[in-house]
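>>> Sequence and predicted structure, then a few things I'm wondering about:
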Amino acid sequence: MNSDKGNLYLIPTTLGDNEPLEVLPMSVKKIVENVYCFIVENEKTARRFIKKISPRKSQSSLKLFVLDKYTSELESKTYLDPCIQGKHVGLLSEAGVPAIADPGANIVLQAHQNNIKVVPLVGPSSITLAMMSSGLNGQNFAFNGYLPIDKSERKKAIKNFEKLSKTNNQSQIFIETPYRNEKLFGDFKKLLTPSTYLCVAADITLPTEYIKTFQTVDWKNEKPNLHKRPCIFIIHKN
């Protein structure tokens, strides 16, 4: 590893509007205080987080590179130039940990290709925390991201993932756009076999945290309000 190059730090953030040091170790604060170049998804929220975790840090001293769906591959290839020049760079997540259900994997791969040291920092991952607290198979699980929006395609996908869960004894993890949570929750209750387990984990690490696992048949007695709340769904069919 070329010691003349800066490191790429993978910096986690909070999962909601709570105090950073409630869920992040002091090591994250120390790195943020000593890094001045950041790759971020949204400049405004990134600056807010940096100010919250390091109030004395001068905002005008920061150099932020935006990485979102509009960023061209050509543009993002320059984002690690500061590392080449010997400066540290932080890849900052919008919520949770970078590059897990979050942009940034290409930046991390680019760092490896350029012999830049990649340093992952400890922080909350809603996917991992939901799996930990679900009571389902933490030895064998798969994160599948978003299910199809189309009604017939979604129905087919849910049935296929349920079958896959039983065949492989594998828990299946999903996320959804918060305003579609209620619809997906309803689809799971309607389409899953009554004995299939369903875990719903919302607002993880926040005061309003809600985590429950029941067989589908028993969810009829539970009516959580999931609208616009960050949510993880996990299914497992024995």
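Cool, got the structure.

>>> okay, CA-based contacts and neighbour counts for the rest of this
Noted.

>>> report the longest helix in the chain, please.
For the chain, the longest helix by residue count, based on DSSP state H, is helix 151-168.

>>> Check which residues of that one are buried.
The neighbour-count check on helix 151-168 (16 or more other C-alpha atoms under 10 Å) flags 154-155, 158, 161-165 as buried.

>>> lowest confidence element among the helices and strands of this structure?
Least confident helix or strand, the chain: helix 73-76 with a mean of 90, by mean pLDDT, DSSP states H and E.

>>> Can you give the distance of the helix or strand just after it from its chain's centre?
Once helix 73-76 ends, the next helix or strand along the chain (criterion: DSSP states H and E) is helix 81-84. Between the centre of helix 81-84 and the centre of its chain there are 26 Å (C-alpha atoms, centre = their mean, to the nearest Å).

>>> List the buried residues for helix 81-84?
Residues of helix 81-84 classed as buried under the neighbour-count rule (16+ other C-alpha under 10 Å) are 82-84.

>>> what does stretch 10-22 give?
By neighbour count, and taking 16+ other C-alpha under 10 Å as the criterion, the buried residues in stretch 10-22 are 10-16, 20.

>>> what's the span of it, first residue to last?
19 Å (C-alpha to C-alpha, to the nearest Å).

>>> ok, back up a step: which other residues reach the longest helix of the chain?
Residues outside helix 151-168 that contact it (C-alpha atoms under 8 Å, 6 or more residues apart in numbering): 147-148, 170-172, 187-188, 191-192, 235-238.

>>> where along the protein do the strands fall?
8-11, 37-40, 63-66, 89-92, 118-120, 141-143, 171-175, 197-202, 210-215, 231-236 (DSSP state E).

>>> Comparing those strands, which stretch has the densest surroundings?
Highest mean neighbour count among the strands of the chain (mean count of other C-alpha atoms under 10 Å): strand 89-92, with a mean of 27.

>>> circling back to that earlier point, can you say which two of the contacts of helix 151-168 are spatially most distant?
The distance between the two most remote of the contacts of helix 151-168 (C-alpha to C-alpha) is 24.2 Å, for P148 and N238.

>>> which of the buried residues of stretch 10-22 lies closest to N106?
L10 (12.6 Å).

>>> ok, now which ones touch the closest one?
Residues near L10 by C-alpha under 8 Å, 6+ apart: 90-92, 97-98, 118-121.

>>> same deal with E43?
Shown in contact with E43 (C-alpha under 8 Å, 6+ apart): 64, 66.

>>> Please report the distance of it from G186.
35 Å.

>>> Equivalent analysis for F233, please.
As for F233, its distance to G186 is 12 Å (criterion: C-alpha to C-alpha).

>>> hang on, the earlier thing: pLDDT and distance to T213 for the buried residues of helix 81-84 - can I get that in TSV?
Conversion of the buried residues of helix 81-84 to TSV gives the following (pLDDT from 0 to 100; distance: C-alpha to C-alpha, whole Å):
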residue	pLDDT	distance to T213
P82	97	46
C83	97	45
I84	96	47
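
>>> Return the member of those residues nearest to F214.
For the buried residues of helix 81-84, the nearest to F214 is C83 (47.9 Å; C-alpha to C-alpha).

>>> Surely that closest one is in contact with V35?
No - in this structure C83 lies outside contact range of V35 using C-alpha atoms under 8 Å: 11.2 Å.

>>> hey, what's in contact with both of these two?
With C-alpha under 8 Å, 6+ apart, C83 and V35 have common neighbours V89.
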